[in-house]
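>>> how would this look folded up:
(one chain, ligands or ions: 1)
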Amino acid sequence: MNRKLILSSGNEHKIKEIKEILKDLNIEIVSKDDLGFKDLDVDEDKDTLEGNAFKKAEELSKLVNGIVIADDTGLFVDALDGAPGVYSARYSGENATYKGNNELLLKNLKDVPMEKRTAYFKTVIAIILEDGLKLKAEGICKGRIGFEAHGTNGFGYDPLFIVEGLGKSFGEMTDEEKNSLSHRANALRNLKNVLGEVLN
Ligand code: IMP
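Numbers count the residues shown, from 1 in each chain. Sure, this is the predicted structure:
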């Protein structure tokens, strides 16, 4: 049987990143858009990354045949008690933009010195197999929030997030470099292990 891995995301940056990391896994990877569910839009109203990831995976799983994965990511800033966290996408309001979110984050950290600007990205990937069995994979990446944007690569908070031990932001990295060490890369490596067992 030809098994399929179906991604619930419609975000092109993420799809590219996921396909790149899982490319040597022996499974066909398609997105919900490829299967005609571009308009499926699940309200991410849970208060945990895990809650949102499983909600998205469950909704899609009802409509397709295959292994469904859905991820949810948040940026957790220590000096802000973990904000924006699960609300990272809408930090600056209902119609938030990456620019608006980054501006608000910088504003809220205005008086916080570098040593207290520690933060981490966390990705949770919900996995639902064809028979409904649920599994999970997680990954984090530690760093600090800079005082200004550095670089223009990537998306979201990338230009503000300075990776621990490297002294440069995700915005200053090539896709290849980010994909070797990001929170999503770590979660996907974890996913690869989980799927490796499932597919055998
Ligand atoms: P999502 O759950 O992947 O959609 O992520 C929620 C929000 O977190 C996004 O809207 C981005 O603002 C931010 N985000 C997620 N992943 C990344 C990343 O790799 N770099 C920068 N920002 C990210």
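>>> ok and the residue in the chain nearest the ligand?
Gly156 (2.4 Å; C-beta to the nearest ligand atom). Placement of C-beta: from N, CA and C, glycine included.
>>> Could you list the low-pLDDT ranges of this protein?
1 (pLDDT under 70).
>>> in this protein, which spans are helices?
In the chain, the segments counted as helices under DSSP state H are 12-21, 49-61, 98-108, 175-181, 183-199.
>>> ok so, going back, burial count for the residue of the chain closest to the ligand?
Other residues near Gly156 come to 19 when the count uses other C-beta atoms under 10 Å.
>>> try Asp131
The burial count for Asp131: 5, using other C-beta under 10 Å.
>>> which parts of the protein sit against the ligand?
Within the chain, the positions near the ligand by C-beta under 6 Å from any ligand atom are 72-73, 75, 88-89, 98, 101, 154-158, 170, 182, 184.
>>> wouldn't the residue of the chain closest to the ligand be in contact with Ser88 here?
Yes - the pair Gly156 and Ser88 qualifies as a contact (C-beta atoms under 8 Å) at a distance of 7.5 Å.
>>> For the residue most central in space within the chain, which residues are in contact?
When C-alpha atoms, centre = their mean is applied to the chain, the residue found nearest the centroid is Thr73 (3.9 Å). Contacts for Thr73 (C-beta atoms under 8 Å, 6 or more residues apart in numbering) come out as Leu49, Ser88, Phe121, Lys122, Thr123, Val124, His183, Arg184.
>>> which residues does the fifth one bridge with?
Applying DSSP bridges to Thr123 yields these beta-bridge partners: Thr73, Gly139.
>>> List the residues that contact it.
When contacts are taken as C-beta under 8 Å, 6+ apart, Thr123 is in contact with Leu49, Asp71, Asp72, Thr73, Glu138, Gly139, Ile140, His183, Arg184, Asn186, Ala187.
>>> What of the second one?
Remark: with contacts taken as C-beta under 8 Å, 6+ apart, Ser88 is in contact with Thr73, Gly74, Leu75, Asn101, Gly156, Tyr157.
>>> Now for those: which two are most distant?
In the contacts of Ser88, two members sit farther apart than any others by C-beta to C-beta. They are Thr73 and Asn101, at 13.0 Å.
>>> Hmm, Ala126 and Ala70 touching each other?
Yes - counting by C-beta under 8 Å, Ala70 sits close enough to Ala126 to count as a contact (5.0 Å).
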